[in-house]
Each structure stands twice: as C-alpha cells, then as structure tokens.
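> Quick one, fold the following:
(2 chains)
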Number of protein chains: 2
Amino acid sequence: MRRDGYPSDPELIFLTDGASKGVTHLLNILIRNENDGVLCPIPQYPLYSATIQLVGGTLVPYYLSEEAGWGLDVKEMRSQVLEARKKGITVRGLVFINPGNPTGQCLSEANLRELIQFCYEEHIVLLADEVYQQNIYQDERPFISAKKVLMDMGPPYSNNVELASFHTVSKGYWGECGQRGAYFELTNMHPKTVDELYKVASIALSPNVPGQIFVGLMVNPPKPGDISYPKFAEESKAILDSLRRRAHMMTDGFNSCRNVTCNFTEGAMYSFPKIKLPAAAIAAAKRAGKAPDVFYCLKLLEATGISTVPGSGFGQKEGTFHVRTTILPSEDDIPEVMRMFKTFNEDFMAQYEGPQSRL
Amino acid sequence: MRRDGYPSDPELIFLTDGASKGVTHLLNILIRNENDGVLCPIPQYPLYSATIQLVGGTLVPYYLSEEAGWGLDVKEMRSQVLEARKKGITVRGLVFINPGNPTGQCLSEANLRELIQFCYEEHIVLLADEVYQQNIYQDERPFISAKKVLMDMGPPYSNNVELASFHTVSKGYWGECGQRGAYFELTNMHPKTVDELYKVASIALSPNVPGQIFVGLMVNPPKPGDISYPKFAEESKAILDSLRRRAHMMTDGFNSCRNVTCNFTEGAMYSFPKIKLPAAAIAAAKRAGKAPDVFYCLKLLEATGISTVPGSGFGQKEGTFHVRTTILPSEDDIPEVMRMFKTFNEDFMAQYEGPQSRL
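Numbering: from 1, shown residues only, chains lettered A, B, ... in the order given. From the prediction side, this is the model:
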C-alpha cells in the first residue's frame, strides 16, 4: 500500500524462508510436467534454471538485449513462445528480475506495460523477482513494481493478469541473507491456485521466527517522527550512496579497458561486463579443456586473487563472454581492485594477441 | 562419534533449515517417478505422505503393530514390498521414525537389526528420522541410532546399507522449532548420490545462520568441567524428568477410560490413544459428513477446548480410531486436562450408547 498506492490482502501474502523458497513453491505449482515451460531471462540467476529442472519443467529462454541496456524485448519473448509451442511446450509462466540479476538494469514503466500486455495476451503467469527493489543507483528509472504498473493499467489487465512478486531481507541496505526472511504477494491468482500454494506451504509446519521478525522490520521501517528514524535514514542513505559510487567506479573501470564493455549497474549488486577475447585465448582455453570465460576468470583469480563468476554460469549469447562481479567490495578498495583487473586484462590481452600466441 | 562410538565424515553431513528440508532433499533424490515407492509407517508424520506426493512418487504403507507397542514388523514390510512389486512399483527407500511420531515407541536394537537386514536384502535406502532421540521416557530401551546398530553389525551390512539419519534442534529439551536448524548424515551412500544431493542442496545459496549456530550448540553441549555445565545438566534433566512424568500421567489418564487404550509414550512428544466408538457415534458422524475420529475430536474441542488431531491425519488401521495429542501441556495442568477429557468421553459414550442414540 505504502509502496504502490494499492491495498494488499494479507491472505495473499506468504512468508517464506528466503525468496528462493517462494520461487520454488510457485514453480512447483506452475509446472505439471516437461511440456510446461517457464520463460526466463538469459542471463539469469541460476536459481531459476536449477529449480525448473528439479520440478521437472522446461526453461524457455528469452535473451536480454545487452545493446539496449539489458532491456526486455517482448518481440523476442513472443518468438520464443512460438518456438516452444512448435515443440509441444505450453508456456505457463514468465520470470523477470527487476532490478536485474546479474545484469543490473532497471526496467522502465513502458517496458513493464509491454510485458504485462504480453502476459495478458498469452495467459502467462508473471513471476516478478523484485528482491533488489531498494538497490537503485540512478534517478531516471526509480523502481516501479509490477503490481503498481498492473493496477495502473486498469481492466482487463488489472483484474486478469496473474502475478506473484517476491521480496526479501537478503538484499537492500540490510543484506540479511543469513536470516532467510522473505515474502511473496499474489495478485489475481486463481483461488484454487492459492489453495494449492497454501497446501504446499503448509508441509513445513514451523516457520523461521527470526526471519519473519526481519521481514516485519523491513516492511515497517522507522518513520519520520520515530526516535530511531534519523539514524535509520542516515545509515540507509549512506549505504545506498556508497553503493551508487561503487557502481560508477566499477562500470567506469571496466569500460576503461579496450576489450571490455559494461552497461552501468543501474540497480541490484552486480557488474556484468562483456570481455572480447582474442582467438588465441579461445584456442588456449580449448586446449586447457575450459570454456573461454572460465579460463579467463581462473587466470584473473590466479594473477590477482579477484574472484569472479564466468558469464556461462548465467547464460550469454553464443560467442560472447562475460564476467560477473559484485559492486560490494568496500568503497576504499575498489580503485585498487579495478587497477589490478586492468593490469591483468592488459597482460592477458598482450599474451594472446601477441605473435607468441600463434605458436 | 561421541554418540555412537563411530567416526563421522563432515563431508557427509549436510546442514538444513529444519529436518523437513533434509527429508525433502532425500526423497527428491530417491524418487524418479510414480513407479518409485517409499515405505512409510502408518501411522506416520504427514510430512512424508505430502512430500512423496509432491515429488511424484508412491507411498508404500507398512502398518505398525499397535498390539506390539507400535513395533516394526519386518514380515509386514516384506509383504508390502511384494504387493507393491506386483503393481510395478520399485521400493527404493524406507522411512522409520524412532522414537515414533505420533506413536511414541522406542525401537529395540533387535528390531533395528531386523530392519537393517531387510534393507540389505531388498537394496532399500534407509531414512532414519531420529529427531526425538533425546526425548526418552523409560530406561529399558534407551535411544540407539540406526548408524550404531548398522556399524555394530559389521560387513556386509556396515559397508553396504545406505543410510540417511536426521536430527534437529526442534525437539529434544531445547524445542527450538522456530530456528530451523537441523542436519542429516549419510552412511554408505553412493558417491554419485552424494554429488547429486550436494547439487540439490546448493540451489539455496544462503544458509540460515542462527539455525546453524543452534545446531552447533546442540551437537556440542556444555561438558563436565565447563562453567555452564551444572546449570545445563540441571535444566535439561528437569525438562526430561517432567516430560517423563507427563507421559505417565497422560497414558494413565487415557487408559482409565473404559473405551480407550493407549500405549505408553516411551519417547517423542505424543500420545496416540485408540478410542473405541459406539456404532451410534459412527452413524452420527456419517450423518454429519465427518470421519468418526474427526467427529469425536470436534466434539471434544467444543466441550472442553482441548485441541487434538484425529488419527486419520496420520493413518490408522481400517475401522480403528485414534486421537493424537501432545504431552506438552504444563505438568500442573495435565491432571485437569485429563479430568476434562474423561468427563467428556463419559458423556460422549453415554450419549451414543444410550437408547436415545437408536432414534
């Protein structure tokens, strides 16, 4: 209500031990067998691919457009739905992550409207992973929830499109991922689906009490006039301001490398730069029995101690290579981290672009 | 090691957010499709029936012998395996709960040996739900772990029978079920199964930190000589002694009713008395559209405020009716609770045995 200006029904809010558990519940309900598909962004957070496989469904990928700042392309989604249908797969759900993980984009209201229109037309349940909703590092596109856009659109969307949205204490300026506190809220969900979710959620009899207390604190933060408000406002602002500066430092650092391009981390906690690798590096990776991005990340780790995750863990367009890193190192350390990265990258490029690489 | 006299391999111990989550992991791995069966005791803790259904397998029931103090009957298990095989079902796992939930029995070493022998012969993975291992209220059959019996038996059992055993901070004298801390330990599990479990467990990236701290405290309680030991020993003994007295009071109370028989709660936290219902009560339940035990429990609730769970929620032999209650009311309250139960039960019997019931 306070966030979106629309009321919430407590009967349609489920508390879960982390947002992952809520996602598992929803996918469990949504997927009947391997002919049920769920659209997921690529790159994606691996929870989705793993859970869809575990519950026996099919992941239907839609590629985010790196050139358009990792925006959602409804045309791409539509063609993937048609493609899936040809294979006998019914697309029943669509996952989107806003702000993006690992891609860091913040979706515009126009983009969300397109998405909702598409789900309405295709009768697809929308799973809105909005766990980074507090982590916003630009002012052009503040976070706007799928529920708010849906309600603003009015009928037939606001009373038809089935939506589950997720939030958690694991991110934001609190980052309490060791507490396992989260919730999901259902909108327009068929009452029988709600009953089924209630049944699945009830298998686990005991809730995580501290996690639920943290959720309570998150959704009821100190308000102006409260004795703790000034300190809360100051601390949360300081954390977000620092993360914003870190997002800029990391993006600028990556983009200062001649073979690296990186979209700005508009939100969430990650940088996902694209690394252009020379043919000789790709060949060397092949000789070493590694994917090229894995090879690059291991060399980076060995040379500098900087631990990153290869883009192949998240999915990336064929022939492109990425590295995922967080913007979470302390602000003071980031200049040195980026300097080390740049030096490593230059040495790597020199090694595999130089004449000796042709041996 | 301290409990069983046999070493444990930390690589084969998985920490989970409550024992239920560990059970879910194991059942997920064990069950491929509806032709895979898991033997479960009847009466059983409903987690098992629900989770087996959720992951798409088949529950193969084995009935506990109420006349033999709810003991395990391996002959019954063997005939159920043959029965299942005729239907094309492969029994891959066996769940047993020791001390029993909701039946409260403590298994003898001889019974456990028979069980292990059976699992060896039938190539069945043993799931040992030992979450009530600290809750023992008699001295004849102290808790003995399946792992200890298995190791004591020596080859070919000790190096072949695949065992997963579960423990938790939710029971015992701590009862911290709001903390979601538990572990399971694997013995003789095929390395590929362990890898698969590791993969499934890794989908959830963040563990519940407070829950893990509680597990640490549980497996490393204060030792003689520690400054906190005397207080710990005194408090835990007081809790267990009180529970033992409560177990006796409840069992005796139930058995003082002419139409009620109740095995002693040797362990765990429950009483599961059998209620003999007159034909007229069964007919009245039918008219009300309720199972006879549900009808009885609702009448009890209305008349006294005592909330119990009908035996049909746990499974019971056709034509028998049970009530499940806990022994957890405060010791001071139990005499009054049992007096109220007895009065209600007498009134109920008078109503449905009397001539007016034939109208």
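
> Would you mind listing what in chain A touches chain B?
A:17-18, A:20-21, A:28, A:47, A:50-51, A:54, A:56, A:170, A:177-180, A:200, A:203-211 (C-beta under 8 Å from any C-beta of the partner chain). To be clear about C-beta, it is placed using only N, CA and C from the backbone, and glycine gets the same treatment.

> If any of these are buried, give me the ChimeraX selection for them.
Burial among these is assessed by 16 or more other C-beta atoms under 10 Å in any protein chain shown; the matching ChimeraX selection reads:
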select /A:17,18,20,21,28,47,50,51,54,56,170,177,178,179,180,200,203,204,207,208,210,211
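
> Next step: the residues of chain A next to chain B restricted to helices.
A:20, A:21, A:28, A:47, A:50, A:51, A:54, A:200, A:209, A:210, A:211 (DSSP state H).

> The second one - nearest residue in space that isn't next to it in sequence?
In space, and not counting its chain neighbours, residue A:21 is closest to residue A:182: 7.2 Å by C-beta to C-beta, 6 or more residues apart in numbering or on different chains.

> before we move on, what about the fourth one?
Across the structure, with C-beta to C-beta, 6+ apart as the measure, the residue nearest residue A:47 apart from its sequence neighbours is residue A:20 (5.5 Å).

> And the third one, by the same measure?
If you skip the residues right next to it in sequence, residue A:28 has residue A:55 as its closest partner in space, 5.2 Å away by C-beta to C-beta, 6+ apart.

> Could you do the fifth one as well?
Counting by C-beta to C-beta, 6+ apart, residue B:203 is the residue found nearest to residue A:50 once chain neighbours are left out, at 4.6 Å.

> Kindly provide the distance from the residue nearest to residue A:28 to residue A:34.
10 Å (C-beta to C-beta, to the nearest Å).

> So for these two, which residue has more residues nearby?
Legend: neighbour count by other C-beta atoms under 10 Å in any protein chain shown for residue A:55 and residue A:34, higher for residue A:55 (21 against 13).

> pretty sure that one contacts residue A:27?
Yes. Using C-beta atoms under 8 Å, residue A:55 is in contact with residue A:27, at 5.4 Å.

> Quick one: residues contacting the spatially most central residue of chain A.
Central residue of chain A (C-alpha atoms, centre = their mean): residue A:101, 2.4 Å from the mean position. If you count contacts by C-beta atoms under 8 Å, 6 or more residues apart in numbering or on different chains, residue A:101 has them with A:44, A:45, A:129, A:131, A:132, A:268, A:269, A:270.

> Spatially nearest residue to the third one (excluding sequence neighbours)?
Using C-beta to C-beta, 6+ apart and skipping the chain neighbours, the partner closest in space to residue A:129 is residue A:97 (4.3 Å).

> Tell me the buried residues in stretch A:254-273?
So for stretch A:254-273, counting by 16+ other C-beta under 10 Å, buried means A:254, A:257, A:260, A:262-273.

> State the pair within those residues that is farthest apart.
A:257 and A:267 (23.2 Å; C-beta to C-beta).

> Mind naming the longest helix for chain A?
Secondary structure of chain A per DSSP H: the longest helix is helix A:229-255.

> helices and strands around that one, which ones?
If you count contacts as 3 or more C-beta pairs under 8 Å, 6 or more residues apart in numbering or on different chains; DSSP states H and E, helix A:229-255 packs onto strand A:260-261, strand A:270-271, helix A:334-353.

> try 7 Å this time
Here helix A:229-255 touches strand A:270-271, helix A:334-353, going by 3 or more C-beta pairs under 7 Å, 6 or more residues apart in numbering or on different chains; DSSP states H and E.

> Return the list of strands paired to the shortest one, each annotated with direction.
What that stands for is strand A:270-271. strand A:323-326 (antiparallel) (DSSP bridges).

> now the strand it pairs with, how far from the centre of its chain.
On the basis of C-alpha atoms, centre = their mean, to the nearest Å, strand A:323-326 sits 13 Å off its chain's mean C-alpha point.

> What's the mean pLDDT across that strand?
The average pLDDT for strand A:323-326 rounds to 97.

> Kindly format the C-alpha coordinates of it as PDB.
Taking C-alpha atoms only, strand A:323-326 is exported to PDB below (Å, rounded to 0.1, in the frame of the first residue of the first chain):
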ATOM      1  CA  VAL A 323      32.400 -11.900 -16.100                       C
ATOM      2  CA  ARG A 324      30.100 -11.300 -13.200                       C
ATOM      3  CA  THR A 325      31.300  -9.500 -10.200                       C
ATOM      4  CA  THR A 326      29.600  -7.700  -7.400                       C
END
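
> From the rest of the structure, what touches that strand?
By C-beta atoms under 7 Å, 6 or more residues apart in numbering or on different chains, the list of residues contacting strand A:323-326 from outside reads A:102, A:269-273, A:275, A:293, A:296-297, A:308-311, A:314.

> hang on, the earlier thing: wait, a strand at the residue nearest to the centre of chain A?
No. Residue A:101 is assigned coil when assessed by DSSP: H, G, I helix; E, B strand; the rest coil, not a strand.

> Can you show me the CA trace of stretch A:3-20 as CSV?
Output of stretch A:3-20 as CSV, limited to C-alpha atoms (Å, rounded to 0.1, in the frame of the first residue of the first chain):
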residue,chain,number,x,y,z
ARG,A,3,4.9,1.4,-1.8
ASP,A,4,2.3,1.1,-4.6
GLY,A,5,-0.7,3.1,-3.5
TYR,A,6,-2.9,0.0,-3.8
PRO,A,7,-4.1,-2.2,-0.9
SER,A,8,-2.7,-5.6,-0.2
ASP,A,9,-4.6,-8.6,1.1
PRO,A,10,-2.7,-10.3,4.0
GLU,A,11,-4.4,-13.6,2.9
LEU,A,12,-2.5,-13.4,-0.4
ILE,A,13,0.9,-12.7,1.2
PHE,A,14,3.0,-15.8,2.1
LEU,A,15,6.1,-15.6,4.3
THR,A,16,8.9,-17.8,3.2
ASP,A,17,12.4,-18.8,4.3
GLY,A,18,14.1,-16.6,1.7
ALA,A,19,12.7,-15.6,-1.7
SER,A,20,14.1,-18.8,-3.2
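
> for the record, mean pLDDT for that stretch?
Rounded mean pLDDT across stretch A:3-20 is 93.

> Would you mind listing the buried residues in that stretch?
For stretch A:3-20, by 16+ other C-beta under 10 Å, it's A:4, A:8, A:14, A:15, A:16, A:17, A:18, A:19, A:20.

> what are the pairing partners of the helix or strand where the fourth one lies, and which direction each?
Translated: residue A:15. Applying DSSP states H and E as the criterion places residue A:15 in strand A:13-16. Here strand A:13-16 is paired, per DSSP bridges, with strand A:182-187 (antiparallel).

> Pull out the buried residues from stretch A:22-36.
For stretch A:22-36, by 16+ other C-beta under 10 Å, it's A:22, A:23, A:24, A:25, A:26, A:27, A:28, A:29, A:30, A:31, A:36.

> Just give me the closest of those residues to chain B.
The closest of these to chain B turns out to be residue A:28 (C-beta to the nearest C-beta; 7.0 Å).

> give the contact list for that closest one.
Residue A:28 neighbours (C-beta under 7 Å, 6+ apart): A:55, A:200, B:54.

> Low-confidence stretches in chain A?
The model of chain A has pLDDT under 70 over residues A:1, A:354-359.

> Break it into its domains for me.
Here the domain parsing of chain A from automatic domain parsing is A:10-219, A:229-358.
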